[in-house]
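Asks: Got a predicted structure plus its sequence, pasted below:
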Amino acid sequence: MAAALPFIAAGAIVGGTILGAQAAGEQAAATEAAAKANAAQAARNARIVRRESRKKAKQAVKGGEETKSTQKAAFGKLGVLLTGSAQDILAETERVTREDVEAILIAGEEGSSEELFRASQFSLQAQAAAKQKSLAPLATLISGFGAAAATPGLFKT
C-alpha cells in the first residue's frame, strides 16, 4: 500500500491539473465573451449619443426659429421696424442658437468618442482573454505534470 501512495498522489495532481486547466480555459472564454459584448454595447452607445446630439441640435434650431418668429411677431404688433436694435435682437437670437447647436454637437461627438474608446478597450480585453484561453490551460497542465513528476517515490533512481 505504501508503494502505491506516490502513484495515488501523482494521479490526484494530474486529475486536479486537468480540471484546473479546463476551468482556466472556460474562465478565459467567459471573459472574452463578456469583453466582446461590452465592446459591442459601447459601440451602440456611441451611435446613440451621436444620434441624440443631432436630434437635440435640430430641436435647438427649431426652438431658435420659433423664438425669432415670436420676436418678429411681437415687433410687428408693436409697430417696430425690423431695423436697428430690433434687427440686433434677432441677430443675437440667431447667434445664441448657433452657439447652442455647436455646443450640443461638440458634446455629442465627445460622448461618442468616449464610447468608441471604451469599445476599443473592451476589444483589447477580448483579445487578451482569447490568448489566455489558449495559454492558461496549457500552462496549468505543464505545471501540474511537473508537480506530478516531482512526486517523491514515483520514480526510483
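Replies: Ah, there it is.
Asks: Count residues in the vicinity of Gln71, would you?
Replies: Gln71 has 17 neighbouring residues, counting by other Cβ atoms under 10 Å. For the C-beta atoms, the positions are set from N, CA and C on the backbone; glycine is no exception.
Asks: In what element of secondary structure is it found?
Replies: Using DSSP states H and E, Gln71 sits within helix 5-78.
Asks: avg pLDDT for that helix?
Replies: The predicted model assigns helix 5-78 a mean pLDDT of 90.
Asks: Quick check: next helix or strand after that helix?
Replies: Sequence-wise, the next helix or strand downstream of helix 5-78 (DSSP H and E) is helix 84-149.
Asks: What is that next one packed up against?
Replies: Secondary-structure packing of helix 84-149 (3 or more Cβ pairs under 8 Å, 6 or more residues apart in numbering; DSSP states H and E): helix 5-78.
Asks: Could you check how far the helix it packs on is from the centre of its chain?
Replies: What separates the centre of helix 5-78 from the centre of its chain is 4 Å, taken as Cα atoms, centre = their mean, to the nearest Å.
Asks: Then stretch 101-109?
Replies: For stretch 101-109, the distance to the chain centre is 21 Å (Cα atoms, centre = their mean).
Asks: I am finished for the moment; much appreciated.
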